[in-house]
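Chemist: generate a structure from the sequence data that follows.
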Amino acid sequence: MIDDPLDTTDPGCGYWTNTEEAHPGVLTPLGWSVAGTGIEISTRAGLRAVGVLSATEVTPPERPADRAFGVFSGRFAARLDFFVEIGNRLPGTDGPAMVDQIFDFVPPDAVARSDRSRYLAIAARMPVAFATSPRRARQARLEVARWWPGAVVVEPTVGAARQAFAAAYARFLRVGSLDGELLLSSIQPLYEQLTQLAQRAGVPSGPLMSGHGTHEETQLVADIWACSRGRLDFSTLLSRYGYHGPRTGELSAPSWREDPGPLRVAVDRYAAMPDDADPAQAERARAAERQAAEGALLAALPAVGRPAARIVLRLARAYLPMRGKAARTQALDAMRAAARRLGELLPLENPDDVFMLTAEELRTGQPAPEVLEVRRAHYERHLRHRLPRTWRGRPAAVPLDAWVVADELPRWTAVAASDGCVEGPARVIADPDEMDVEPGEVLVAYTTDPSWASVIFAAAALVVDVGGLLSHAAVVARELGVPCVMNTQDGTRRIRTGDFCRVDGTAGTVEVLRRG
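Modeler: Predicted structure coming up:
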């Protein structure tokens, strides 16, 4: 029997959660072998950099059940037990609290305990990571930006293409490790500090989380707007953002560099919007709201607590805008270009069969045609299923045609990710290749990736099945001033395009008021 590389063979009896926000949809064998191994390595390297893991724990375990990440029915998943253990090692928090914040779910058997075995290492390493990771991340980001335009031009030889793939993979690992280090040492702790400060002061935390300056994804929105107003030509826009695409995290999906059609649609959509919809105005409004929220926070705190609060607020302004995926996305696009070249050069029945290979096979050889045929069949089968939000051991994949929309008017209370309350008709986007939103519509999606920033801007509100406060969709929505509710779990199943909805991103509620 031929094994399916898109199903973890030994998941153990621990708890897992669907994390398609990192890599949406069904991955190909090549996509999973790159993303799964790469994110496992970079996550462990980031945890080692801040002292949470020992030197012996950096290498990914041989047994899949012991790893941080797995794949089920072709979809990316995280092992919650691993992150509970990590949380228990961190000073100032615990395992259940950490997984609740990141994944919005706590395994029933999770136990909060203080594991002090890494405290000395964390005390030595965390301040260094906090002080140096932003500079190193910015440097790596600039290096990758300079490297990417040439990296997607791959010479037409097998040796050169394999070398290009390996070089891009090495970049992916490096920037991923830096991203993990920055998130763990700086961004996530600052989010926690802001939340705790707001709770102590009795003020909303939402406005404190945004308005800190331009993020990479909001800069994309600003440049599409400039192109729609004739201030930036399309070729320049494409040269800056061609690494994005409808399913950025999957190697087989075309990027805008290969198919600029979706980007042209976005430019045309923005061109039809009124001038007062300029995203620069939203950015200024978010900054003003943040400044007012900071003033209210400081005024509500006792005098003795204000100096420390001012330090946290100043650090948040510097660190939070650094949350982004551009460097990793460019490295993935360079791997995409090398893989496509190998698809043309290797003796394959179809060039797209290259994505049915694993990264190791791409470097060393290829399996027999019948193996690729079976893998293709597995991949096509996975496309017809979905996973539950969380599970223990092995999940029961649900056929898409079994996800029946109920007749009653549904309502959710989920993660309040971006403030504001609006009403409008829903636009449910199940296929990223067909994402398009009319101004004033409520965008309902299973998950998003960085390229979705272009349509989030046009939406009146955003409702997402999977993700939490630090998800891409939540970060972008806050910066753009779009009300957002995350982690509804089944919004795309129970909301229909045309349904009239109310979305309250402050309270975290979504309600279908009437069917369309």
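Chemist: off-centre distance for stretch 214-227?
Modeler: In terms of Cα atoms, centre = their mean, to the nearest Å, the centre of stretch 214-227 is set 18 Å apart from its chain centre.
Chemist: which residues touch that stretch?
Modeler: 232-234, 236-237, 240-241, 244, 263, 266-267, 270, 278-280, 283, 321, 323-326, 450, 453-454, 457, 472, 475-476, 479-480 (Cβ atoms under 8 Å, 6 or more residues apart in numbering). C-beta here means a position set from N, CA and C on the backbone, and glycine is covered the same way.
Chemist: next, V153: secondary structure please.
Modeler: Secondary structure, DSSP: H, G, I helix; E, B strand; the rest coil: V153 is coil.
Chemist: measure the closest residue to it other than its chain neighbours to P149 for me?
Modeler: Once flanking residues are discounted, V153 sits nearest to A337: 7.5 Å by Cβ to Cβ, 6 or more residues apart in numbering. Distance, A337 to P149, by Cβ to Cβ, to the nearest Å: 11 Å.
Chemist: so between those two, which is more surrounded?
Modeler: Per other Cβ atoms under 10 Å, whichever of A337 and P149 has more neighbours is A337, with 24 against 15.
Chemist: surely that one is in contact with P156?
Modeler: No: taking contacts as Cβ atoms under 8 Å, A337 lies outside contact range of P156: 12.0 Å.
Chemist: who touches both of the two?
Modeler: With the criterion set as Cβ under 8 Å, 6+ apart, the contacts of A337 and P156 do not overlap.
Chemist: and stretch 257-273, which residues are buried?
Modeler: Neighbour-count burial for stretch 257-273 flags 257, 260, 262-263, 266-267, 269-270 (criterion: 16 or more other Cβ atoms under 10 Å).
Chemist: can you lay out these as a markdown table showing secondary structure, distance to A417 and pLDDT?
Modeler: Listed next are the buried residues of stretch 257-273 as a markdown table, based on DSSP: H, G, I helix; E, B strand; the rest coil; distance: Cβ to Cβ, whole Å; pLDDT from 0 to 100:
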| residue | secondary structure | distance to A417 | pLDDT |
| --- | --- | --- | --- |
| R257 | coil | 30 | 97 |
| P260 | coil | 30 | 95 |
| P262 | helix | 25 | 90 |
| L263 | helix | 26 | 93 |
| A266 | helix | 23 | 91 |
| V267 | helix | 27 | 95 |
| R269 | helix | 24 | 90 |
| Y270 | helix | 24 | 93 |
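Chemist: for those residues, which one is nearest P410?
Modeler: The nearest member of those to P410, counting by Cβ to Cβ, is R269 at 28.5 Å.
Chemist: contacting residues for the closest one?
Modeler: The contact partners of R269, taken as Cβ under 8 Å, 6+ apart, are 436-437, 439, 458.
Chemist: now the buried members of these.
Modeler: Using 16+ other Cβ under 10 Å as the burial test, the contacts of R269 include 437, 458 as buried.
Chemist: which of the buried residues of stretch 257-273 sits closest to L142?
Modeler: For the buried residues of stretch 257-273, the residue nearest L142 by Cβ to Cβ is R257; the value is 19.7 Å.
Chemist: separation between that closest one and L346?
Modeler: According to Cβ to Cβ, R257 and L346 sit 22 Å apart.
Chemist: what's the closest non-adjacent residue to E479?
Modeler: Closest residue to E479 apart from its sequence neighbours, by Cβ to Cβ, 6+ apart: T218 at 4.8 Å.
Chemist: would you mind measuring from the one you found to M486?
Modeler: Distance, T218 to M486, using Cβ to Cβ: 18 Å.
Chemist: compare these two (neighbour count), which wins?
Modeler: Neighbour count, other Cβ under 10 Å: between T218 and M486, M486 has more, with 29 against 25.
Chemist: so who does the more buried one touch?
Modeler: By Cβ under 8 Å, 6+ apart, the contact list for M486 reads 104, 414-415, 417, 464, 466-469, 471, 473-474.
Chemist: show me what the helix or strand harbouring R174 is packed against.
Modeler: Using DSSP states H and E, R174 falls within helix 158-182. Other elements packing on helix 158-182 under the criterion 3 or more Cβ pairs under 8 Å, 6 or more residues apart in numbering; DSSP states H and E are helix 29-49, helix 119-151, helix 326-345, helix 359-364.
Chemist: the ones you listed into TSV, with extra columns for mean pLDDT?
Modeler: Formatted as TSV, the helices and strands packed on helix 158-182 follow (pLDDT from 0 to 100):
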stretch	mean pLDDT
helix 29-49	93
helix 119-151	94
helix 326-345	96
helix 359-364	89
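Chemist: so which of these is nearest S228?
Modeler: Of all the helices and strands packed on helix 158-182, the one in closest proximity to S228, counting by Cβ to Cβ, is helix 326-345 (21.3 Å).
Chemist: for stretch 223-238, buried residues please.
Modeler: Neighbour-count burial for stretch 223-238, counted by 16+ other Cβ under 10 Å, picks out 223-228, 232, 237-238.
Chemist: swap that for stretch 120-139, sorry
Modeler: 121-122, 125-126, 129-130, 133-134, 137.
Chemist: and for stretch 271-286?
Modeler: Quick answer for stretch 271-286 (16+ other Cβ under 10 Å): 278-279, 282-283, 286.
Chemist: and stretch 212-219, by the same measure?
Modeler: If you call a residue buried by 16+ other Cβ under 10 Å, then stretch 212-219 has these buried ones: 212-213, 215-219.
Chemist: let me know the closest of those residues to A396.
Modeler: Proximity of these to A396 was ranked by Cβ to Cβ; the top entry is E217 with 34.6 Å.
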